[in-house]
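K.L.:
Attaching a predicted model along with its sequence, questions to come.
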Amino acid sequence: MSSWTPELEEKARALVGRYPEPRSALGPLLYLAMRRDGYVSEEGMRRVAELTGMTPAQVLGVASFYTMYKLAPPGRYLVSVCTSISCHLLRGEEVLAAVEEETGVTDGHTGVDGLFSVEHVECVGACAGAPALQVNYELVEGVTPESARALCRWLRTERPALVRSDEMQARFGGQRSFDWASPDPAGAVGPVPAFEPYGTAGEGS
Amino acid sequence: MSERILTARMEAHPGDSHTLSRYLATGGYASLRRALSEMTPEQVTAEVKAANLRGRGGAGFPCGVKWGFLAPATPRYLVVNGDESEPGTCKDRQLLERDPHQVVEGATIAAYALGVHEAFIYVRGEYARPARRVQRAVEEAYAAGLLGRGIAGSDFDLEITVHLGAGAYICGEETALLNSLEGRRGEPRIRPPFPAVEGLYGKPTIVNNVETLSNLPWIIAHGGAAYDALGPPGSRGTRLFSVSGHVARPGNYEVEMGLSWRELIYREDLAGGIRDGRALKAWIPGGASAPWLVPEHLDEPVTIDDAARLGTMLGSGAVVVMDETTDVAAAALSLVRFFAHESCGQCTPCREGATWLQRILERIVRGSGRPADLDLLLDVSDNISPGLGWPPAMTTICPLGPSATAPVVSLLRYFRPEVEARLRPGGKADG
């Protein structure tokens, strides 16, 4: 039934095999499905259900509980602006407004050209580097409304295939929660957290 | 300069503190080898008990005592809680990213003490970079024979899987985390039974925070008594505080507990005082869930028990500082909106109550609050957490709902006149 590639099927089965019970692989498999389809598609949910011994409705019930499983296709760049307390105190809402204006996409929506999705999010754990935002779950700390605008323009112009925290932080970031010290060559290839075991990470230089 | 337990390696070797080679070159995994070759699991547990190490995730429960509750049935599991999501908190992120082997070694020592052969490191989904670091550390440890079968030449086996969450604060609560790890909605379970008796897949399970476990290599290397000699009674050891908001030097600072709030917030080598020389208005001492403190509390000691005496908590060690320019009603709204958003929806007082608190605060901040709104805020809060005391009384399965009342009660306790001044005198609300 499924049109997942043999390579994807193998990765999925390996993930299921990591857990004492298949159902625990549901989260990782949803990321795998999102990497394939760009979002949690109906077909993806059916395949995840088969792999975990659940019904598609159960899979939907779980997926809809969490904010990072996107049930509709997000843009190529998902810009998540933190507005929780530490960021709130340091103009996080102004950063959000700047991102909305620069991208032309309002909070919770995706632009018609599919380039940007914009969302405000609750605490991303960058409190001592506030205000912060993430692009495809890659973090940038110590942004300003102005640098956030510049970041969005850069994404629109450069269209990077790989979104990396270190690169964005160097170009557009400021205050950090702590010394990042050494770079991480990996980055996101889409609006899914970049994590090698889920096949969602890309590697740059 | 007080003792550094958690951050010594990353301070000394910023470029590569996350690698196995640096970890080994700086004494890493010596504690695990020692535990496996010279100590029984009971002896390891005895050292952790002697250390009087209390959990660093929020509740501050003694780690050794928690371990003691683990039921004898097998299989049994260890889950490392890396779902750091309490607003203001970014310290586990640093530990995961900058010294991931310290987390892995701590987890492995714990697993040995607990007789666990399968462990999970649950990292929040937004922490992609820290999760990658821990994943690489786990892979390095496997390749070096420090995980898997016959660890370091012993007959102890342990499998560790790094698992990514998907954006739900509630999964930091340990029973919600277990549900999430089982591929379910992250809804907290009614306790008892506690996870130590019926946890992951209904099996005995210990859930420990990242920072808690990061202390274990040091405790085994130096002995529980040495750890117990740091900090005041009831708050032994160091803590990695995240200090954020309107301070001159926001950051994570590892200090021995027992210093004063004034020191933590004002010392030049710590948060460095309030930005631009402004005055302090209030601070949150232990994450969004904690009731606030105000300048009259500056000389109180930073300990778990003193915070409790003041009707608040050290929680996750997140200190959020607000200066004199802060619109405290808007700050309270930000906090309440967080809880309303993150409520899992199981319990009516939390699901409905937090939303009500948000709507009332929204109209107050907008300038259309009515005089009765302040008592209404307290009335709704009282329905979520009767008596409005601390630790909070519960009408809910987990403490998330009561946490939503903390900023409301704090706002009205310390800043009621300021909030009253912005109410609409006519008394008619617009929504």
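P.N.:
Noted; the coordinates are in hand. Numbers count the residues shown, from 1 in each chain, chains lettered A, B, ... in the order given.

K.L.:
quick one: low-confidence parts of the chain?
P.N.:
In the absence of a named chain, this looks at chain A. Scanning chain A for pLDDT under 70 picks out the ranges A:1-2, A:205.

K.L.:
meant chain B, my bad for not saying
P.N.:
For chain B, applying pLDDT under 70 flags the ranges B:1-2, B:426-431.

K.L.:
now do 50
P.N.:
Per-residue confidence of chain B (counting by pLDDT under 50) places the weak regions at B:1, B:429-431.

K.L.:
Next, the contact list for residue B:381, please.
P.N.:
Contact partners of residue B:381, counting by C-beta atoms under 8 Å, 6 or more residues apart in numbering or on different chains, are B:353, B:357, B:388, B:404, B:405, B:408, B:409. Yep, even glycine has a C-beta here, placed from its N, CA and C like the rest.

K.L.:
Using PDB, write down the CA coordinates of the helix or strand hosting it.
P.N.:
Taking DSSP states H and E as the criterion, residue B:381 maps to helix B:373-384. Extracted in PDB, the C-alpha atoms of helix B:373-384 (Å, rounded to 0.1, in the frame of the first residue of the first chain):
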ATOM      1  CA  ASP B 373     -11.700  42.000  37.700                       C
ATOM      2  CA  LEU B 374      -9.100  41.900  40.400                       C
ATOM      3  CA  ASP B 375     -11.300  39.900  42.700                       C
ATOM      4  CA  LEU B 376     -12.400  37.800  39.800                       C
ATOM      5  CA  LEU B 377      -8.800  37.000  39.000                       C
ATOM      6  CA  LEU B 378      -8.400  35.800  42.600                       C
ATOM      7  CA  ASP B 379     -11.700  33.900  42.600                       C
ATOM      8  CA  VAL B 380     -10.800  32.000  39.400                       C
ATOM      9  CA  SER B 381      -7.300  31.300  40.800                       C
ATOM     10  CA  ASP B 382      -8.900  30.100  44.000                       C
ATOM     11  CA  ASN B 383     -11.000  27.700  42.000                       C
ATOM     12  CA  ILE B 384      -7.800  26.300  40.400                       C
END
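
K.L.:
So residue A:146 is in contact with residue A:99, correct?
P.N.:
No: taking C-beta atoms under 8 Å as the definition, residue A:146 is not a contact partner of residue A:99, at 11.4 Å.

K.L.:
Neighbour-wise, give me the winner out of the contacts of residue B:381.
P.N.:
Highest neighbour count within the contacts of residue B:381, by other C-beta atoms under 10 Å in any protein chain shown: residue B:404, with 32 neighbours.

K.L.:
ok, so of the contacts of residue B:381, who is nearest chain A?
P.N.:
Of all those, residue B:404 has the smallest distance to chain A: 12.9 Å, by C-beta to the nearest C-beta.

K.L.:
Touching, the closest one and residue B:337? I think so.
P.N.:
No: counting by C-beta under 8 Å, residue B:404 sits too far from residue B:337 to count as a contact (9.5 Å).

K.L.:
partners of the strand ranked longest in chain B in the sheet?
P.N.:
In chain B, ranked by residue count with DSSP state E as the criterion, the top strand is strand B:238-245. According to DSSP bridges, strand B:238-245 has the following sheet partners: strand B:251-256 (antiparallel), strand B:318-323 (parallel).

K.L.:
highest average neighbour count across those?
P.N.:
Of all the strands paired with strand B:238-245, strand B:318-323 carries the top mean neighbour count, a mean of 27, counting by mean count of other C-beta atoms under 10 Å in any protein chain shown.

K.L.:
care to break the chain down by domain?
P.N.:
This is for chain A. Listed domain ranges for chain A are A:6-63, A:77-197 (source: automatic domain parsing).

K.L.:
my bad, the chain I had in mind was chain B
P.N.:
Dividing chain B into domains by automatic domain parsing, as the record does, gives the ranges B:8-228, B:238-323, B:328-420.

K.L.:
Can you give me the end-to-end span of the first one?
P.N.:
Right, domain B:8-228. 19 Å (C-alpha to C-alpha, to the nearest Å).

K.L.:
What of the shortest one?
P.N.:
Domain B:238-323 has its terminal residues 27 Å apart, counting by C-alpha to C-alpha.

K.L.:
Quick one: closest of the strands paired with strand B:238-245 to residue B:121.
P.N.:
Evaluated over the strands paired with strand B:238-245, closeness to residue B:121 peaks at strand B:251-256, with 19.7 Å, by C-beta to C-beta.

K.L.:
From the contact counts, what lies against the helix or strand following that closest one?
P.N.:
Tracing the chain past strand B:251-256, the next element assigned as helix or strand by DSSP H and E is helix B:261-266. Contacts defined by 3 or more C-beta pairs under 8 Å, 6 or more residues apart in numbering or on different chains; DSSP states H and E place helix B:261-266 against strand B:238-245, strand B:280-284, strand B:318-323.

K.L.:
Swap in 10 Å and give it another go.
P.N.:
In terms of contacts (3 or more C-beta pairs under 10 Å, 6 or more residues apart in numbering or on different chains; DSSP states H and E), helix B:261-266 is packed against strand B:238-245, strand B:251-256, strand B:280-284, strand B:318-323.

K.L.:
so which of those strands comes closest to residue A:162?
P.N.:
Within the helices and strands packed on helix B:261-266, the stretch nearest residue A:162 is strand B:251-256; the backing value is 28.3 Å (C-beta to C-beta).

K.L.:
picking that back up, in JSON lines: the domains of chain A, plus distance to residue B:44.
P.N.:
Supplementary listing: the domains of chain A in JSON lines, determined by distance: least, C-beta to C-beta, whole Å:
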{"stretch": "domain A:6-63", "distance to residue B:44": "24"}
{"stretch": "domain A:77-197", "distance to residue B:44": "30"}
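
K.L.:
Tabulate those domains (a markdown table), appending mean neighbour count and distance to residue A:69.
P.N.:
Written out in a markdown table, the entries for these read as follows (neighbours: other C-beta atoms under 10 Å in any protein chain shown; distance: least, C-beta to C-beta, whole Å):
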| stretch | mean neighbour count | distance to residue A:69 |
| --- | --- | --- |
| domain A:6-63 | 19 | 4 |
| domain A:77-197 | 22 | 9 |
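
K.L.:
Skipping adjacent residues, who's closest to residue 149 in space?
P.N.:
Defaulting to chain A. Distance criterion C-beta to C-beta, 6 or more residues apart in numbering or on different chains; nearest residue to residue A:149, sequence neighbours excluded, is residue A:102 at 4.4 Å.

K.L.:
Oops, wrong one, chain B.
P.N.:
Leaving aside its sequence neighbours, residue B:149 is closest to residue B:157 (4.9 Å, by C-beta to C-beta, 6+ apart).

K.L.:
how many other residues sit next to the one you found?
P.N.:
Here the number of neighbours of residue B:157 (other C-beta under 10 Å) works out to 13.
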